[in-house]
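Novice: I would like to see how this sequence folds:
(chains A, B and C)
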Amino acid sequence: MRNATEEPGRDVVVSLKGVHKKFGQTEVLRGVDMEISKGEVVAIIGKSGSGKSTALRCIDLLESINSGTITVCGHKVHSPDVDLRALRLDIGIVFQSYNLFPHLTIEENVMLAPTAVKKIPKKEARELAHRVLGQVGLMEKAGQYPDQLSGGQQQRVAIARSLAMEPKVMLFDEVTSALDPQLTGEVLRVIEDLATKGMTMIMVTHEMNFARRVADTIVFMNEGKVWETGSASILNDPRTPELREFLQNEL
Amino acid sequence: MTELDFSVVFDRWGMVLNGMLLTIELTLVATACGFVVGTFCAIGKRGRTGWLRRLCGMYVEAIRNTPLLVQIFLVYFGLSNLGLSLSAITVSMTALTINVGAYSAEIMRAGFDSIEKGQLEAAETLGLTRRQVYWHVILKQALERVYPALTSQFVLLMLSSSICSQISAEELTAVANFIQSDTYRPFETYIVVGMLYVLLSFLLRIVFWILGLAIFRRRRNLQAFI
Amino acid sequence: MGQSFAVGYLLFLGKGALWTAGLSSIALLCGGILALVVALCRISPQKWVRLVMALYIQLIQGTPVLVLMFLMYFGLPSLGWSVSPLLAASVSLSLYVSAYLGESWRAAIQAVPRAQWEAAECLALSRTQRMTKVILPQAVRIATPPTVGFMVQIIKNTSLASVVGFIELVRAGQIVNNTIFQPFLIYLLIAMLYFSMCYPLSIFSRKLEAKAGEKSYA
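Specialist: I've put the predicted structure just below:
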């Protein structure tokens, strides 16, 4: 990760220090340290059980941590009196199972949060919705229902839904893992587009080639810790044996 | 075998019609109020406030494990102990509302619980408050999922309204009792009234079906309603 | 008046509660036998048998139990039969049970996986043998939780027998009330007695349903 002190002018927007998390008796995160700068694209890789999804979910307070600190855009996520609403306005998260609201149209799905949370009037919200839907290439589906769309299209809507709230950081939790292989491309294209536009992003992913191409930094997590990290070159030339083994299994 | 004479019932058709109207009125009012009570109770049962959860739980269990007849008498005598003298109709509506509220609460709670956690997480991370999540995400979906069970309960309510005859509410069963004691034709009277209840059940189910089509824009699973 | 409860009154209520249990058992037994007939007719290969039974079910399910009771207690005598409160209540409740349990048991029979029917056929069992040896035992397992739950409904509906004069719990309470004139208190006590009968059954039924939900039917 780029160290904020080494490169003046780069501000750190997400910072995890010594994060520990237990589920019951099992310690899933055993001291996670990470720093992400504005505009940086980070890909978190690792085998299942390594804690990567958990770490991501802790950033948006979907899980609470046992010790350590997490700071996002100035919000102290680890603190009991964090402003949850303000935090969630700054972070957008997209899930593996898209989680669209089936009883609302695509348009209504995207408009819900802007109207309910930001109190944007309906007309403006509709224009906003059409704009972000256009950004993901699905403007013509605005009046349809989620069950009329393919998995890839639903996932793009989920991304649009998060984008409509104009977050400062976007989190992607294995967003292509539940998709048929031929549908992942359309989703990855949208994510790449966001990256080139300068969005700060953290993605948990299995798509190695995509990570190599798009990510500024790769984080390999193992046994609840950040095991190895660096630019995309570590995928070609891993330093630790665990990463080497992981990459071999992935191919 | 004595001869059957159904004309005695049809001669008093006006009375029968009034009884039917009151039955319908009791049903509709109790349905509307009971649904609201039940929904709030279901939300309370899923909330974070411990005492509220327990209170809603006790209310639901108490109602579901005691007969409506006893509940009606309790409301009747309870209200008069408090010094209130209310009409039989008001007492009936109160007791029926309390009764169907508990059953609705259980049904709505099952509906709420059936909403996938992922949707709730998505709504939460978009910044919606708990109240907003209930209103925009949970309620309509839950209602759609439990609609058949809920409307069946309301039809049962309509049949149970016959018990209100015991506190002198002049609904259909009370009218039947009056006619048969007046005409000494109990068999014909109760057969006709029984048929009228069957007819009312059928009509009520159709009304709910149409209502369902109107509320839920997506036409799913229509055969579940019939 | 308005004196405290004598033990004698409580015993009288207890006797009423016993009659509630007794009437519930009669309704379950007689209604159950009828329900089996109803369920088997509903899956009969002959269409008219199925339709007639469907009509029967619609008629009974669409009539309030109270009206059924009045029909039996007041209506039958006018045709020449003499009917005691117990008989009127038993017949009405049995009809009520037969319709609801009949439907419930039909659903249970139909819930037995297709594969079981086919396997039994391949073993060259006759229709009766298929039913009794293969299908019904499995249907019984499926039907048990909702049937236990329905027993609560039966117990509650026996309260209506009080209206035709049968001395079960509610009627017993009303008789006691004629002496001590404390209706709210008595009905509260009656409610608690019903609760103590029904609540354990409700809990048990829920446990059974939870257990049934865990099992997987191949």
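Novice: buried ones in the worst-scoring helix or strand of chain C on mean pLDDT?
Specialist: Taking mean pLDDT, DSSP states H and E as the measure, the helix or strand of chain C with the lowest value is helix C:127-129, at a mean of 80. Buried positions in helix C:127-129, judged by neighbour count with 16 or more other CB atoms under 10 Å in any protein chain shown: none. Every C-beta, even on glycine, is put in place using the N, C-alpha and C of the backbone.
Novice: and the next helix or strand past it?
Specialist: helix C:136-157 (DSSP states H and E).
Novice: tell me the angle of the helix or strand following that next one relative to helix C:136-157?
Specialist: Remark: after helix C:136-157, the chain's next helix or strand is helix C:169-180, criterion DSSP H and E. Angle of helix C:169-180 versus helix C:136-157, following axes from the mean of the first three to the mean of the last three CA atoms, to 10 degrees, is 20 degrees.
Novice: counting contacts, what elements does helix C:169-180 pack onto?
Specialist: Helices and strands touching helix C:169-180, by 3 or more CB pairs under 8 Å, 6 or more residues apart in numbering or on different chains; DSSP states H and E, are helix C:7-42, helix C:183-214.
Novice: and the longest one, what does it pack against?
Specialist: Looking back up the chat, that one is helix C:7-42. Counting contacts by 3+ CB pairs under 8 Å, 6+ apart, helix C:7-42 packs against helix C:47-61, helix C:85-111, helix C:136-157, helix C:169-180, helix C:183-214.
Novice: need the per-residue pLDDT for C:S44.
Specialist: pLDDT recorded at C:S44 is 89.
Novice: that's a helix at it, yeah?
Specialist: No: read with DSSP: H, G, I helix; E, B strand; the rest coil, C:S44 is coil and lies in no helix.
Novice: can you get me a residue count around the nearest residue to it once chain neighbours are set aside?
Specialist: Closest residue to C:S44 apart from its sequence neighbours, by CB to CB, 6 or more residues apart in numbering or on different chains: C:R50 at 5.6 Å. The tally of other residues near C:R50 (other CB atoms under 10 Å in any protein chain shown) stands at 15.
Novice: from C:R127, how far out is C:R50?
Specialist: Per CB to CB, to the nearest Å, C:R50 is found 15 Å from C:R127.
Novice: can you give me the distance of the nearest residue to B:E116 once chain neighbours are set aside to C:R106?
Specialist: Leaving aside its chain neighbours, B:E116 sits nearest to A:N99 (7.5 Å; criterion: CB to CB, 6+ apart). A:N99 sits at a distance of 39 Å from C:R106 (criterion: CB to CB).
Novice: flag the shaky bits of chain C, pLDDT-wise.
Specialist: C:1-5, C:215-218 (pLDDT under 70).
Novice: who in it is up against chain B?
Specialist: C:58-59, C:61-68, C:70-71, C:74-80, C:152, C:156-157, C:159-160, C:162-163, C:170, C:183-184, C:187-188, C:190-191, C:194-195, C:198-199, C:202 (CB under 8 Å from any CB of the partner chain).
Novice: hmm, try it at 6 Å
Specialist: C:59, C:62-64, C:66-67, C:70-71, C:74-75, C:78-79, C:156, C:159, C:183-184, C:187, C:190-191, C:194-195, C:198-199, C:202 (CB under 6 Å from any CB of the partner chain).
Novice: still on that earlier bit, adding mean neighbour count, write the helices and strands packed on helix C:169-180 out as a markdown table.
Specialist: Output for the helices and strands packed on helix C:169-180, formatted as a markdown table (neighbours: other CB atoms under 10 Å in any protein chain shown):
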| stretch | mean neighbour count |
| --- | --- |
| helix C:7-42 | 18 |
| helix C:183-214 | 17 |
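Novice: what's the closest of these to A:N236?
Specialist: With CB to CB as the measure, helix C:183-214 is the member of these nearest A:N236 (49.1 Å).
Novice: so which elements touch the closest one?
Specialist: helix B:68-81, helix C:136-157, helix C:169-180 (3 or more CB pairs under 6 Å, 6 or more residues apart in numbering or on different chains; DSSP states H and E).
Novice: possible to save those as JSON lines with mean neighbour count?
Specialist: Formatted as JSON lines, the helices and strands packed on helix C:183-214 follow (neighbours: other CB under 10 Å):
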{"stretch": "helix B:68-81", "mean neighbour count": "21"}
{"stretch": "helix C:136-157", "mean neighbour count": "19"}
{"stretch": "helix C:169-180", "mean neighbour count": "20"}
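Novice: among those, which comes closest to A:F23?
Specialist: Among these, the nearest to A:F23 by CB to CB is helix C:136-157 (32.8 Å).
Novice: what about dumping the CA coordinates of the closest one to PDB?
Specialist: What follows is helix C:136-157, C-alpha atoms only, in PDB (Å, rounded to 0.1, in the frame of the first residue of the first chain):
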ATOM      1  CA  LEU C 136     -50.700 -43.800   5.100                       C
ATOM      2  CA  PRO C 137     -47.900 -44.500   7.600                       C
ATOM      3  CA  GLN C 138     -45.900 -41.700   5.900                       C
ATOM      4  CA  ALA C 139     -48.900 -39.400   5.700                       C
ATOM      5  CA  VAL C 140     -49.500 -39.900   9.400                       C
ATOM      6  CA  ARG C 141     -46.000 -38.500  10.100                       C
ATOM      7  CA  ILE C 142     -46.600 -35.500   7.900                       C
ATOM      8  CA  ALA C 143     -50.100 -34.900   9.300                       C
ATOM      9  CA  THR C 144     -49.200 -35.100  13.000                       C
ATOM     10  CA  PRO C 145     -47.900 -31.500  13.600                       C
ATOM     11  CA  PRO C 146     -50.900 -29.800  12.100                       C
ATOM     12  CA  THR C 147     -53.300 -32.200  13.700                       C
ATOM     13  CA  VAL C 148     -51.900 -31.500  17.100                       C
ATOM     14  CA  GLY C 149     -52.200 -27.800  16.400                       C
ATOM     15  CA  PHE C 150     -55.800 -28.300  15.400                       C
ATOM     16  CA  MET C 151     -56.600 -30.000  18.700                       C
ATOM     17  CA  VAL C 152     -56.200 -26.500  20.200                       C
ATOM     18  CA  GLN C 153     -59.000 -25.300  17.900                       C
ATOM     19  CA  ILE C 154     -61.300 -28.200  18.900                       C
ATOM     20  CA  ILE C 155     -60.800 -27.400  22.600                       C
ATOM     21  CA  LYS C 156     -61.600 -23.800  22.000                       C
ATOM     22  CA  ASN C 157     -64.700 -24.600  20.000                       C
END
